[in-house]
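**Q** my questions concern the predicted model and sequence given below.
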Amino acid sequence: MGIVQILLVLAMLALLVKPIGTYVYHVFSNEKNGQDRIFGPFEKLIFRLIGLKNRGGMTWKQYALGFLLTNIVLTAVGYVILRLQKYLPFNPSGIGGMEGTLSLNTAISFMTNTNLQHYSGESGVSYFSQMAVMTMMMFTSAATGFSVAIAFIRGITSKGKTLGNFFEDFVKAHTRVFLPAAILVTLLLVALQVPLTLNPTLIVQTLEGSTQSIAMGPVAALESIKHLGTNGGGFFGANSAHPFENPNPLTNVVEMLSMWALPASLPYVFGRFARNRKQGWVVFGAMMTLFVAFLSLIYFSELRGNPAIAAMGIDASQGSMEGKEVRFGIAQSALFSAVTTAATTGTVNNMHDTLTPLGGLGTLGQMMLNVVFGGKGVGLINMLMYAMLGVFLCGLMVGRTPEFLGRKIEPREMKLIAVAILAHPFIILAPTAIAFLTDAGSGAITNPGSHGITQVLYEYASSAANNGSGFEGLADNTPFWNMTTGLVMLLGRYVSMIAMLAVAGSLVRKPWVPETIGTFRTDNKLFYGILIGTVLIIGALTFLPAVVLGPIAEHLKLG
């Protein structure tokens, strides 16, 4: 029955990829279509308000500067609001201002699309902060990543054109993608009993005669963009395990498809821009193959249960239910864990710290690779980076100048790709080592040994991949963890985005190379295998030693 549930969700996703991908392509193709009559007047008003008179194309440097400055301003605004939330409206519970390092970490976290939370949602921030900082940044960070992905696609597929205009793409991502989708999903979640209110905390009398405070708020509105934007920050500390955020299996499926559908559609969008849909399906197929492999590892590990508990004579026929909600069971918990780390969302409907060692490895592995669909645009950008690397390696083996989509891949592009590839493991492994070497870092580990290694490794992998989920056994709300993870989130978000925009800017200026009989094709089964192999080899070379010390060692000890 569990496998049937998983297959149904996979089938629903597959049916959504083409229509959503087609819609997104028409949003950003800058060709006139029926959408202009609906959204055009609103966009013209926004362009007039922000003073955007010239919507001409930008170079990669102008595009990068545009999104960096926008993100810096929004981060500063978010920081100030969090610090001053005690004095701002819509704070019926009287929540005080956030501590300085936690405010900075939180503002960076939400602006980088990470939503790493070193605080508990219902007690750490006011309604105003939830709406003006968290919800606002969930829109803007998702729109930023989406815009950069589209610019990158334009750069590697267009003939002698620019990357587009960041501010136009940024506005369109809001008006034509995230706002309409968020409204629809919000209404659907409200219909499925997710709260949406500005009333204060509800005080009720229990059956024993005592009183209980039940936190509420505009939950459904945050839940919709939290998943659509692959953000992940929960309104409540328990995130999507909380019955107000995710009350039943149907809302569980809605939330999984919400965070998964847009990233999964981007390879198809890429194929449309490249005028070669097979190219897009090859990338999608490679992503889905890797996803199914990691999902299988998580599902069957959790289904098998914990052998140490079984050895005590305790019935483990239901699998490892520790940290999971009974209303979801093993199948929907494992699938949710796989989807949230594949789409780098970070929302959780079960506690990842309680996953079996191999189940935890499945979630950790997807964040380490950061190409299995990924968040809003980042996953596709990273996968195409590996595609170019695969083409380059194959070209060297046969003695040809590598080409990708009619452009030669030369040393400049490979240096930038190398920066992006090496930066990701460095910002995970280096801070992990520093944490173990310092009392401020190692003191946060609540479960010494192999599991403690995994806790620290997961925290930095989640930060670098802009995922935001965590092994919650780590006591991470300290200045050390707030500052180090904040830095990792910044580097994880912007280094690869800037490097790959530079690659797109380099390729867009190159002359088109006509296809010949000797051209290495990148839209067939051979390249599908090369793409998967390149990702796995690079991933194993960089992360395998650390993984052996953490989840693999823990698994061997359980046997």
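**A** Sure thing, it's come through. If you're wondering where the values come from, they're calculated on a predicted model, not measured in any experiment.
**Q** ok, then the element right after the helix or strand bottoming out on mean pLDDT in the chain?
**A** Lowest mean confidence among the helices and strands of the chain (mean pLDDT, DSSP states H and E): helix 121-124, at a mean of 71. Going down the chain from helix 121-124, the next helix or strand is helix 127-129, by DSSP states H and E.
**Q** and L207, how many neighbours?
**A** Using other CB atoms under 10 Å, the number of residues around L207 comes to 5. C-beta: built from backbone N, CA, C; applies to glycine.
**Q** so it: helix, strand or coil?
**A** coil (DSSP: H, G, I helix; E, B strand; the rest coil).
**Q** quick check: it vs S213, distance?
**A** 16 Å (CB to CB, to the nearest Å).
**Q** which non-adjacent residue is nearest L549?
**A** Using CB to CB, 6 or more residues apart in numbering and skipping residues adjacent in sequence, the residue nearest L549 is I453, 5.3 Å away.
**Q** a helix runs through that neighbour, doesn't it?
**A** Yes. Assigned with three-state DSSP, I453 falls within a helix.
**Q** residue ranges in the chain under the pLDDT threshold?
**A** 121-122, 559 (pLDDT under 70).
**Q** ranges for the strands of this structure?
**A** Ranges of strands in the chain, per DSSP state E, are 202-205, 211-214, 403-404, 407-408.
**Q** which one of those strands is the most hemmed in?
**A** strand 403-404 (a mean of 20; mean count of other CB atoms under 10 Å).
**Q** for it, packing partners?
**A** helix 378-398 (3 or more CB pairs under 8 Å, 6 or more residues apart in numbering; DSSP states H and E).
**Q** buried set for the helix it packs on?
**A** Judged by neighbour count (16 or more other CB atoms under 10 Å), helix 378-398 contains these buried residues: 378-392, 394-395.
**Q** for that helix, which helices and strands make contact with it?
**A** Looks like helix 378-398 contacts helix 136-157, helix 249-273, helix 277-304, strand 403-404, helix 411-437, helix 479-508, helix 525-547 (3+ CB pairs under 8 Å, 6+ apart).
**Q** and those: which comes nearest I50?
**A** Nearest to I50 among the helices and strands packed on helix 378-398 is helix 136-157 (13.3 Å), distances taken as CB to CB.
**Q** ok so, going back, can I get the helices and strands packed on helix 378-398 in a markdown table with distance to Y87?
**A** Converted to a markdown table, these look like this (distance: least, CB to CB, whole Å):
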| stretch | distance to Y87 |
| --- | --- |
| helix 136-157 | 19 |
| helix 249-273 | 34 |
| helix 277-304 | 45 |
| strand 403-404 | 54 |
| helix 411-437 | 35 |
| helix 479-508 | 23 |
| helix 525-547 | 45 |
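**Q** buried deepest among those, which one?
**A** helix 136-157 (a mean of 26).
**Q** quick check: angle from it to helix 479-508?
**A** 30 degrees (axes from the mean of the first three to the mean of the last three CA atoms, to 10 degrees).
**Q** picking up where we left off before, right, and the helices and strands packed on helix 378-398 - which one's nearest G229?
**A** Of the helices and strands packed on helix 378-398, nearest to G229 by CB to CB is helix 136-157, at 3.1 Å.
**Q** CA-only coordinates of stretch 175-189, as PDB, when you get a sec.
**A** Presented in PDB, the C-alpha positions along stretch 175-189 are these (Å, rounded to 0.1, in the frame of the first residue of the first chain):
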ATOM      1  CA  THR A 175       2.600  38.400 -10.700                       C
ATOM      2  CA  ARG A 176       2.400  35.500 -13.000                       C
ATOM      3  CA  VAL A 177       3.800  32.600 -11.000                       C
ATOM      4  CA  PHE A 178       4.000  32.800  -7.300                       C
ATOM      5  CA  LEU A 179       1.100  35.100  -6.300                       C
ATOM      6  CA  PRO A 180      -1.600  33.300  -8.400                       C
ATOM      7  CA  ALA A 181      -0.400  29.900  -7.300                       C
ATOM      8  CA  ALA A 182      -0.200  31.000  -3.700                       C
ATOM      9  CA  ILE A 183      -3.700  32.200  -3.700                       C
ATOM     10  CA  LEU A 184      -5.000  29.000  -5.200                       C
ATOM     11  CA  VAL A 185      -3.100  26.800  -2.800                       C
ATOM     12  CA  THR A 186      -4.100  29.000   0.200                       C
ATOM     13  CA  LEU A 187      -7.800  28.600  -0.600                       C
ATOM     14  CA  LEU A 188      -7.300  24.800  -1.000                       C
ATOM     15  CA  LEU A 189      -5.500  24.500   2.300                       C
END
